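Novice: below: sequence and its predicted model.
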Amino acid sequence: MKIKSSEITPEWLYLSRRKFIKGVAAATTGALIASGCAAPTGPGPATPEPAAARASDTPIVPPAAESAATATPQAVPPADAAPTAGASTDELGDKLTSHEAITTYNNYYEFTMNKEAVAFVAKDFRTRPWTVAVGGLVHKPKTFDIEELLRKYPQEERIYRLRCVEAWSMVIPWLGFPLGSLLREVEPMSQARYVRFETVLDPREMGGQRDSWVDWPYVEGLRLDEAMHDLTILATGLYGKLLLPQNGAPLRLVAPWKYGFKSIKGIVKIDLVAEQPTSLWMATAPEEYGFYANVNPAVAHPRWSQATERRIGELSRRKTLPFNGYAGQVAGLYAGLDLRQDY
Ligand SMILES: Nc1nc2c(c(=O)[nH]1)N[C@H]1C(S)=C(S)[C@@H](COP(=O)(O)O)O[C@H]1N2
Ligand SMILES: [Mo]
């Protein structure tokens, strides 16, 4: 089978030819052989529907009365509980992507670059015990146990669109809590202007981290005001139950107006810092990935257009919205910036 899609690997394909030949070739070949596919020759139009999305196009939507997840902060049901969501659409009327597709079509390069294999490869990843160290320029640095975070902060449902820079998207009913609640608790110092996030470094358990084509661990960052914005959450679950490993369990960021790669998974470290953090993608391909990464249909990625997207589970493409449809809430954060320059 010949892959025509740009969707299998594009977030690494930007690598310089030299790096590509040195580092990625082996890893890639492995991943693609595992899925029975020939290595891609380059980017192309996005096309094939993932098997998972085909298999289950119908969102699993229980009666509203049963979706008590949002009201019970103390007890988020385990990841193998029945999926529930408080609504069947987002605020634009877009229907939820199926639980099946959300949990079987993933980007998590620490495990594999094959989206449809992440769920299987990550299935035994241990997400307990787990701690998150919050520090840097704060008055009260603290290491939180994941159970404490689940207990302390009411887990709200947030139905958000997720728009990957590879031009596919989903609508996901997350459970989580505002990042701002956690940041306020550690009391940022006045010099703190950015937040830096780090994924766990565990090459024994995360096979992708044994390949050195990027500098692990995965790092992301937000400006402090973006981090404090009410839309920005730390997600602990989806469809009314705890996250599975493939979606970033036990804790991942969600900033829905930004490309999906900003929403870092498997977080173990959060630091308040003075300088703009360099994310993994900025370090790997500075000419292609900037710090802000706000969804912007008017600015093409060097390798593919961002004007339209394919909603997983749907056949036709749709127009991509500025700030992924959240412009009313977040455009004001960027008043003084030229987002064509500061992409
Ligand atoms: N640590 C880590 N976080 C990550 C990634 C990754 O490879 N590693 N991939 C990102 C990308 S490119 C996307 S689109 C989203 C996908 O999230 P999902 O699999 O839950 O849909 O996770 C983001 N967070
Ligand atoms: Mo992505």
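Specialist: Looks like it came in fine. Ligands and ions are numbered 1, 2, ... in the order given.

Novice: near ligand 1, which residues of the stretch 1-150 of the chain?
Specialist: For the stretch 1-150 of the chain, the contact set with ligand 1 under Cβ under 6 Å from any ligand atom comprises 11, 106-110. Bear in mind the C-beta positions are built from the backbone N, C-alpha and C, glycine included.

Novice: swap the cut-off to 8 Å and go again
Specialist: Taking Cβ under 8 Å from any ligand atom as the measure of proximity, the stretch 1-150 of the chain contacts ligand 1 at 11, 102, 105-110, 115, 118.

Novice: wait, Gly266 sits on Leu253?
Specialist: No - under the criterion of Cβ atoms under 8 Å, Gly266 is not in contact with Leu253, lying 10.3 Å apart.

Novice: who has more neighbours out of these two?
Specialist: Gly266 (27 against 23; other Cβ atoms under 10 Å).

Novice: local confidence estimate at the more buried one?
Specialist: As predicted, Gly266 sits at a pLDDT of 98.

Novice: repeat that for Tyr109.
Specialist: On the pLDDT scale, Tyr109 gets 97.

Novice: again with Asp211
Specialist: 88.

Novice: how many neighbours does it have?
Specialist: 19.

Novice: likewise Leu231?
Specialist: Neighbour tally, Leu231, other Cβ under 10 Å: 18.

Novice: what are the boundaries of the strands in the stretch 101-250 of the chain?
Specialist: Per DSSP state E, counting those that start in this stretch, the stretch 101-250 of the chain carries strands over the ranges 131-136, 142-145, 156-163, 168-178, 194-199, 219-223, 233-238, 241-242.

Novice: adding distance to ligand 2, write those strands out as JSON lines.
Specialist: Output for these, formatted as JSON lines (distance: least, Cβ to the ion, whole Å):
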{"stretch": "strand 131-136", "distance to ligand 2": "22"}
{"stretch": "strand 142-145", "distance to ligand 2": "27"}
{"stretch": "strand 156-163", "distance to ligand 2": "8"}
{"stretch": "strand 168-178", "distance to ligand 2": "8"}
{"stretch": "strand 194-199", "distance to ligand 2": "14"}
{"stretch": "strand 219-223", "distance to ligand 2": "12"}
{"stretch": "strand 233-238", "distance to ligand 2": "15"}
{"stretch": "strand 241-242", "distance to ligand 2": "22"}
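
Novice: for Ala335, which of the ones you listed is the nearest?
Specialist: Ranking the strands of the stretch 101-250 of the chain by proximity to Ala335 (Cβ to Cβ) places strand 219-223 first, at 12.7 Å.

Novice: contacts for the closest one, please.
Specialist: Residues outside strand 219-223 that contact it (Cβ atoms under 8 Å, 6 or more residues apart in numbering) are 193-199, 232, 253, 255, 261-264, 273, 276-280, 283, 291, 333.

Novice: just the buried members of the residues you listed?
Specialist: Buried subset of those (neighbour count, 16 or more other Cβ atoms under 10 Å): 194-199, 232, 253, 255, 261-264, 273, 277-280, 291, 333.

Novice: distance of Arg163 relative to Ala249?
Specialist: Using Cβ to Cβ, to the nearest Å, we find Arg163 at a distance of 22 Å from Ala249.

Novice: can you list which of the contacts of strand 219-223 are found in helices?
Specialist: Among the contacts of strand 219-223, the residues falling in helices (DSSP state H) are 280, 283.

Novice: around ligand 1, which positions in the stretch 201-343 of the chain sit nearby?
Specialist: 208, 217-218, 220, 238, 246-248, 252-253, 259-266, 280.

Novice: I'd assumed Glu185 was in contact with Leu149.
Specialist: No - if you go by Cβ under 8 Å, Leu149 and Glu185 don't touch, sitting 10.3 Å apart.

Novice: ok, those two, which is more surrounded?
Specialist: Leu149 (21 against 14).

Novice: list the contacts of the more buried one.
Specialist: With Cβ under 8 Å, 6+ apart, Leu149 has these contacts: 132, 177, 182, 234, 236, 251.

Novice: now do the contacts for the residue in the chain positioned nearest to ligand 1.
Specialist: Proximity of the chain to ligand 1 (Cβ to the nearest ligand atom) peaks at Gly260, 2.6 Å away. Gly260 makes contact with 107, 162-165, according to Cβ under 8 Å, 6+ apart.

Novice: of those residues - the most surrounded one?
Specialist: Of those, with other Cβ under 10 Å as the count, Arg163 tops at 25 neighbours.

Novice: distance check, it against Phe177.
Specialist: 22 Å.
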